[in-house]
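**Student:** here's a sequence, model it:
(chains A and B)
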Number of protein chains: 2
Amino acid sequence: MKLNGKNVRPIWLDEVVNVVKVIDQRRLPHEFVVADLKTVDDVIRAIKEMVVRGAPLIGVAAAYGVFLAAVNSLKNTFRDDYLIKECNRIKSARPTAVNLTWAVDKVLSEVLKTDNAIEAIDVARHHAETIAEAEAKNCRKIGEHGLPIIEEIIRDKKDKSINLLTHCNAGWLACIEYGTATAPIYAACEKGIDVHVWVDETRPLNQGARLTAWELGKYGVRHTVITDNAGGHLMQHGMVDMVIVGTDRTSRTGDVANKIGTYLKALAAWDNNIPFYVALPSSTFDWNIADGIMEIPIEERDPEEIRYVEGISTRGVIKRVLIPPEKSPAANFAFDVTPARFVTGLITERGVCKATEQDIKRLFPEKNK
Amino acid sequence: MKLNGKNVRPIWLDEVVNVVKVIDQRRLPHEFVVADLKTVDDVIRAIKEMVVRGAPLIGVAAAYGVFLAAVNSLKNTFRDDYLIKECNRIKSARPTAVNLTWAVDKVLSEVLKTDNAIEAIDVARHHAETIAEAEAKNCRKIGEHGLPIIEEIIRDKKDKSINLLTHCNAGWLACIEYGTATAPIYAACEKGIDVHVWVDETRPLNQGARLTAWELGKYGVRHTVITDNAGGHLMQHGMVDMVIVGTDRTSRTGDVANKIGTYLKALAAWDNNIPFYVALPSSTFDWNIADGIMEIPIEERDPEEIRYVEGISTRGVIKRVLIPPEKSPAANFAFDVTPARFVTGLITERGVCKATEQDIKRLFPEKNK
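**Tutor:** Residues are numbered from 1 along each chain as shown, chains lettered A, B, ... in the order given. As a prediction, this is how the structure comes out:
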């Protein structure tokens, strides 16, 4: 993504010093801070505390975590044991996004094939970078495959403009380039289509209001921040033409785990005959899961993320304020699962399919055993 | 409501000085402040700025506004013209809650029958107080009629406890006593039933997190604050037995305008076979409206209510912080309409009915012309 004339990604490797650099997404939009991840612990903390977030980016960060483990394995006699242990620690940083396990296992399996630590480091770096590049390319393809859906919708509209609604941030910040849900939006803008995006603020951590609004603003996409409560009303009154979201894990049957509240938007889209699309790279499919509601683990995070809200004060300082009574407890479920029956289609790097096992496997035939 | 041993209402009249006293609900839960309303302008401002909010309380505050207009009419030669003009100003303070117009017209029609200003003041006071007492009594009856629904639900449950979910604040703060949605909850607690309430925080103004959590905490009701996004997930996983909300205006056909986001909870309840009840005094019915979605006016409020969040700082001072980028616009629709087909039942002071014109008019036969 071009930012002030420079190409920026949310993660990159400083190869000179073997430090992983990430944009600290907790500080956006009010501060642009780059954080250094030097150890596996740094990576785990960055994933847990959501310095980096979004399924594809979590995967890439985890892959770089394996690289940092390989660097550190130089000091360790029982290299394989050490690497496996470190990888298990990385994999348990957060439970819902399947990209985490997928990326770690992908890099680890290659590293374990190497004969010595120096080679292991090279292989780990190469495969982490390969995953990053592949995810960037996947997102570009998602944009290409999503664009015709938007073109189809505006074809029937007098004013040739489109109002999309998105939840959370499935933009380039959550990925490497283009984003997943935002890729078709950016592709439509490139084509000169008049796009307006309703941005769900996405409580509790406000990734919509903070990150999606920031991204869209930087790109020059017209957008309006709304509360998570508002989408149903907008849909009832013809103000939304299409909903598009990302996902943290999608079952092979098309059930979609995504940021908490996604399910409510899918219900409203369904009730108002509005297409509800989910954009994802294939790394976000969990081929082992058939029933998303029963089988996808839903992370429960610190209730203080709900009780306190962070923003910038009138004096320009990032501050947090308490909303409910001091003694009222809160519960913080981070994701929900939208049953496949409410999903109009999945936009993947290989094309668009229905949210059914059969149609998903039409695009990914190698998964038929 | 007993508060620190004292009976407190959200509004009362100081008859000695003709000043209307209200709890400033913008400051709760962190500060308990009583505001003085001395003029019609004070009342209009208090309603607009949500010092007082909630359909029944808006009605009562407006009724006291007519009383203040009557007091001021002493100075005015053309009393009736003056009163009608002032009443029109009060009625336009907020568009959605029908109780506002209902209460103003009820008091005004009585006042216009009087022969002189002194009598007008007495009549206005009497009728404002009558409305307040009637609403308190209505809420008590709503509790009595709602209690059997809760008892019915726990009858089938092993642990005899109930998990309710509510949106916004339809508690005694929004009414005079008991509340509407909370009346059956308080009634169940009185009976010793183990009640737990999921409290939607209710963005943008957080009436759930601030007011409902505060009320329930003061009453000793177990509760947990959740984001507005969370209800669907809880319902999918059997953690909600019943949804109960208030309403700002209900069509004669059972369409329910309530705080934005209510519709999304109704959809989730419907999809998970969970009963969705709406509690209301009959003053909240709009007998002139048949199609809630098309006909109920939905207030659009200042977008800054979304962009800025107010809470208490670590130093104990009420502060506001900006969430999205400085330049990102926001849109602030305050209500949505839940179609009658998603409403299990309406709990009124006369009993429980289905959300259909026929069944509503079974309870209110006088409305059959």
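**Student:** now stretch A:126-143: buried residues?
**Tutor:** Neighbour-count burial for stretch A:126-143, counted by 16 or more other Cβ atoms under 10 Å in any protein chain shown, picks out A:127-129, A:131-132, A:134-136, A:138-143. The way it works is simple: take the backbone N, C-alpha and C, and place the C-beta from them, glycine included.
**Student:** now what about that stretch, what contacts it?
**Tutor:** A:9, A:11, A:13, A:56, A:59-60, A:63-64, A:66-67, A:103, A:106-107, A:110-111, A:172, A:175-180, A:183-184, A:186-187, A:279-283, A:347-350 (Cβ atoms under 8 Å, 6 or more residues apart in numbering or on different chains).
**Student:** if we use 6 Å, what do you get?
**Tutor:** A:56, A:60, A:63-64, A:67, A:103, A:107, A:110, A:175-180, A:183-184, A:187, A:279, A:281, A:347, A:349 (Cβ atoms under 6 Å, 6 or more residues apart in numbering or on different chains).
**Student:** now swap in stretch A:148-159 and tell me
**Tutor:** A:160, A:162, A:184, A:188, A:241, A:242.
**Student:** what about the closest residue to chain B within the stretch 1-150 of chain A, how many neighbours?
**Tutor:** Per Cβ to the nearest Cβ, the residue of the stretch 1-150 of chain A with the smallest distance to chain B is residue A:29, at 4.2 Å. Using other Cβ atoms under 10 Å in any protein chain shown, residue A:29 is surrounded by 25 other residues.
**Student:** quick revisit: just the ones of the contacts of stretch A:148-159 in strands?
**Tutor:** A:162, A:242 (DSSP state E).
**Student:** which two in the contacts of stretch A:148-159 are spaced the farthest apart?
**Tutor:** A:160 and A:184 (16.2 Å; Cβ to Cβ).
**Student:** which strand or helix spans residue A:52?
**Tutor:** Using DSSP states H and E, residue A:52 sits in no helix or strand.
**Student:** residue A:46 is in contact with that one, correct?
**Tutor:** Yes. Applying Cβ atoms under 6 Å as the test, residue A:52 and residue A:46 come out as touching, 5.2 Å apart.
**Student:** which ones are touching the residue of the stretch 1-150 of chain A closest to chain B?
**Tutor:** By Cβ under 6 Å, 6+ apart, the neighbours of residue A:29 are A:210, A:214, B:325.
**Student:** so which of those sit within helices?
**Tutor:** residue A:214 (DSSP state H).
**Student:** for the contacts of residue A:29, which single residue is the most surrounded?
**Tutor:** residue A:210 leads the contacts of residue A:29 on contacts (other Cβ under 10 Å) with 28 neighbours.
**Student:** now it: how far from residue B:187?
**Tutor:** Per Cβ to Cβ, to the nearest Å, residue A:210 is found 42 Å from residue B:187.
**Student:** one step back: who has more neighbours out of residue A:160 and residue A:184?
**Tutor:** More crowded of residue A:160 and residue A:184, by other Cβ under 10 Å: residue A:184, with 28 against 13.
**Student:** write out the residues of the stretch 1-150 of chain A neighbouring chain B.
**Tutor:** residue A:29 (Cβ under 6 Å from any Cβ of the partner chain).
**Student:** swap in the stretch 251-369 of chain A?
**Tutor:** So the stretch 251-369 of chain A meets chain B at A:260-261, A:263-264, A:267, A:293, A:306, A:309, A:311-313, A:319, A:321-325, A:328-331, A:333, A:336 (Cβ under 6 Å from any Cβ).
**Student:** state the distance from the closest residue to residue A:309 other than its chain neighbours to residue A:73.
**Tutor:** Spatial nearest neighbour of residue A:309, chain neighbours left out: residue B:309 (4.7 Å); criterion: Cβ to Cβ, 6 or more residues apart in numbering or on different chains. Counting by Cβ to Cβ, the gap from residue B:309 to residue A:73 is 46 Å.
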